[in-house]
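Novice: sequence and predicted structure below; questions after.
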Amino acid sequence: MAAVIESVSNVVADAEVRRRVRFGNIEPAVLAFLKQLDPVMTVVTLFACALVHGQAITYIYLGLGLLSYLVAAPIFGRVNSDDTVFKKMPLSKTFLRVLWPWALIVAIVLVLGFAFNVTEQFSRVVIQSWIVVTPLALLAVHALRHRTQSLIESGATNSRYVVIGANRMGFELSRRLPAKGFLGFFDFRSADRLSQAMGSRFKEGRHLVGHCRDVARFVRSNNVTDVYIAIPISNVPRIAEVIQQLRDTTASIYFIPDVFAFDLIQGRLVDIDGVPALSVCDTPFYGMDAVLKRAFDVVAASLILLGASIPMALIALGVKMSSPGPVLFRQRRYGLNGEEINVYKFRSMTVCEDGAVVTQATRNDARVTPFGGFLRKTSLDELPQLFNVLQGRMSLVGPRPHAIAHNEQYRKLISGYMIRHKVKPGITGWAQVNGLRGETDTIEKMSARVNFDIDYLKHWSLMLDCRILLRTLLIVLKRDNAY
C-alpha cells in the first residue's frame, strides 16, 4: 500500500511539474479575425484579377497564391503586432505602412519567379493589376479593422475592469486599456500615502477606489468583468491573497508583471514547452524574422556582387599594382555570439595588423597607400565583405565588427559592450549612418557607437535595414569621416 501511495504521489507531483500555459490574447473574436485577413487578401485579389481578365484559376495561380500567403503571413504578422502605430496615424502614413510590406512581398515573389524561370507562365496584365489593386484592398481591411478597434475602445463592449496596484505598471496599463469601462485602482496603501508616493501621476484622471481587502466585494457588486493585478512580483503573499479573494467572483483575472523594470532588448514573452518566459536580452532573429533577414542578405548581396564583379576585379588589380602585399586583408574579429571570424577587405595599408595590439586608422595615416586612401574614402575596400555575408558570417546591416584587440579593450570599459554581438556584424550599421563612421579615438565615441548598436537590436525591422542601406549610400557619396 505504501508503494502505491508513493507511486500516486509521484504521478501527481509529475503532473504539477508538467502543467502548461497556453499563449494567446484577449482580443475580441472579430478583431482577431480581421488581423488575419492581410495575407488572405493577397490571395483573394490575385484570384479576382485573374478572373476579371478572363484567366482560369489554374494550378499555376494556385501555387502563386500559396506562395504569396506564406510570404505575407510573417511579414504582416510583424507589422500588425503594434496596433498603436495605426491608431493615431493619418491615412497617408497608414497607406505607407501597408505599402512597404506589400513591396517587400512583391520583390520576394518576383525574385523567386525569375529564379525558377516561371514568370512567362503568368499573364502580365493580371500580375500588374494584382500589384496595383492589392494595396488598396489591404488599406480597406486596415480601415475596417481600425474602425472596429475604435468601437471597442470607445466602450461598444460591456467590459468593466479595475487595476490592482496604483504604481508605474498599473498606470501604464490603464493608459493602454480602453478608457471607457475603467472603474479605478485598488491598492494596499491609503490615498494619502499614494498621493505622496506617486505625485502628479496619481492625479492625472486616476482615482483610488479602495483598499485591496475590499476588491472582491467591489467586483461582485459592480459586475466587474476583468481584474488586472499589477502588484510587484516580489510581493507574492499579497498577490496570492488577492487572487484567493477573487476566486469568489466571475471576473477574469490577469497578472501583469512589471516588465519595464528592466532595460529590455527584444523583450517578448516566449513559450518554453508550455512555460512562459520573459526575454530580457535577446536577439531579434528567431523564427520567420531570421528567415527574412537571411533571405534579404543572400538576395541583396548576390545582386550587388553580380553588378560589382568587374569593378572588384579592377580594384584587385589596382591594389596589386599600387603596393607590395596581398590583395585581400584578412583580420580576425568577433562575430555572432562573440565567435571569431575572418573579415575580408581590400588591402588599403602597407601593413596587415591582426595581433594583440591593432592601431585604428587616423586622418592622414602614413600607413594608408594612395590607392588605399581612395578605397577607404569611397568604402570600396569593404566590398569583399559581401562574401562574408554569403558565408553567413556577416549581414549587410548590423553592428560593425571591431578587431579582437579592440573588443577585449572596450568590453572592460563600456557596460553592455558585448550585447552588440547578439546579432551578426554588418557591412554598415545604425551607428555609422548616425555620424559614428570611422575612427573612435575616445571612450565617449565608442560608447555612443555601442548605444546605437543596442538601439538597433531593440528596434530591428526589415524596413530599418532598408533605411540604413539607403542612408549609407548617401554618406558614402559625401565621404564623411572616411580615412
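Specialist: Noted; the coordinates are in hand. Numbers count the residues shown, from 1 in each chain.

Novice: and the helix ranked longest in the chain, what other elements does it pack with?
Specialist: Using DSSP state H to define each element, the chain has its longest helix at helix 287-322. Judged by 3 or more Cβ pairs under 8 Å, 6 or more residues apart in numbering; DSSP states H and E, helix 287-322 is in contact with helix 59-79, helix 91-115, strand 340-346, helix 370-378, helix 385-391, strand 395-397, helix 462-478. Heads up, the C-betas are built off the backbone N, CA and C, glycines and all.

Novice: dump the ones you listed into a markdown table; add distance to residue 417 as well.
Specialist: Output for the helices and strands packed on helix 287-322, formatted as a markdown table (distance: least, Cβ to Cβ, whole Å):
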| stretch | distance to residue 417 |
| --- | --- |
| helix 59-79 | 28 |
| helix 91-115 | 33 |
| strand 340-346 | 16 |
| helix 370-378 | 25 |
| helix 385-391 | 22 |
| strand 395-397 | 19 |
| helix 462-478 | 21 |
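
Novice: residue contacts, residue 422?
Specialist: Residue 422 sits next to 265, 281-283, 336-337, 457 when contact means Cβ atoms under 8 Å, 6 or more residues apart in numbering.

Novice: between the residues you listed, identify the one with the most neighbours.
Specialist: Taking other Cβ atoms under 10 Å as the neighbour criterion, residue 457 ranks highest of the contacts of residue 422 with 21 neighbours.

Novice: picking that back up, how much distance is there from the helix or strand following the longest helix of the chain to the middle of the chain?
Specialist: Downstream of helix 287-322, the next assigned helix or strand under DSSP states H and E is strand 328-334. Here strand 328-334 is found 29 Å from its chain centre; the criterion is Cα atoms, centre = their mean, to the nearest Å.

Novice: other SSEs contacting strand 328-334?
Specialist: Packed against strand 328-334 by the contact rule (3+ Cβ pairs under 8 Å, 6+ apart) you find strand 340-346, helix 404-410.

Novice: ranking the ones you listed by burial, who's on top?
Specialist: strand 340-346 (a mean of 19; mean count of other Cβ atoms under 10 Å).

Novice: run through who's touching that one.
Specialist: Counting by Cβ under 8 Å, 6+ apart, 315-316, 319, 327-335, 372, 375, 380-385, 387-388, 393-394, 401, 404, 425 sit against strand 340-346.

Novice: for stretch 448-462, same thing?
Specialist: Contacts of stretch 448-462 (Cβ under 8 Å, 6+ apart): 75, 78, 104, 264-266, 283-285, 289, 292-293, 296, 398-400, 410, 414, 416-417, 419-420, 422-423, 429-431, 434, 436, 440, 464.

Novice: dump it to PDB, restricted to CA.
Specialist: The C-alpha coordinates for stretch 448-462 follow below in PDB (Å, rounded to 0.1, in the frame of the first residue of the first chain):
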ATOM      1  CA  ALA A 448      27.900  56.200 -28.400                       C
ATOM      2  CA  ARG A 449      28.500  53.700 -31.200                       C
ATOM      3  CA  VAL A 450      27.600  50.800 -28.800                       C
ATOM      4  CA  ASN A 451      24.400  52.700 -27.700                       C
ATOM      5  CA  PHE A 452      23.300  52.900 -31.300                       C
ATOM      6  CA  ASP A 453      24.100  49.300 -31.900                       C
ATOM      7  CA  ILE A 454      22.000  48.300 -28.900                       C
ATOM      8  CA  ASP A 455      19.200  50.600 -30.100                       C
ATOM      9  CA  TYR A 456      19.300  48.700 -33.500                       C
ATOM     10  CA  LEU A 457      18.800  45.400 -31.600                       C
ATOM     11  CA  LYS A 458      15.800  46.800 -29.800                       C
ATOM     12  CA  HIS A 459      14.100  48.200 -32.800                       C
ATOM     13  CA  TRP A 460      15.100  46.000 -35.700                       C
ATOM     14  CA  SER A 461      12.900  45.600 -38.700                       C
ATOM     15  CA  LEU A 462      13.500  44.900 -42.400                       C
END
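
Novice: buried residues of that stretch, list them for me.
Specialist: Neighbour-count burial for stretch 448-462, counted by 16 or more other Cβ atoms under 10 Å, picks out 448-454, 456-457, 460, 462.

Novice: show me those that map onto helices.
Specialist: 448-454, 456-457, 462.
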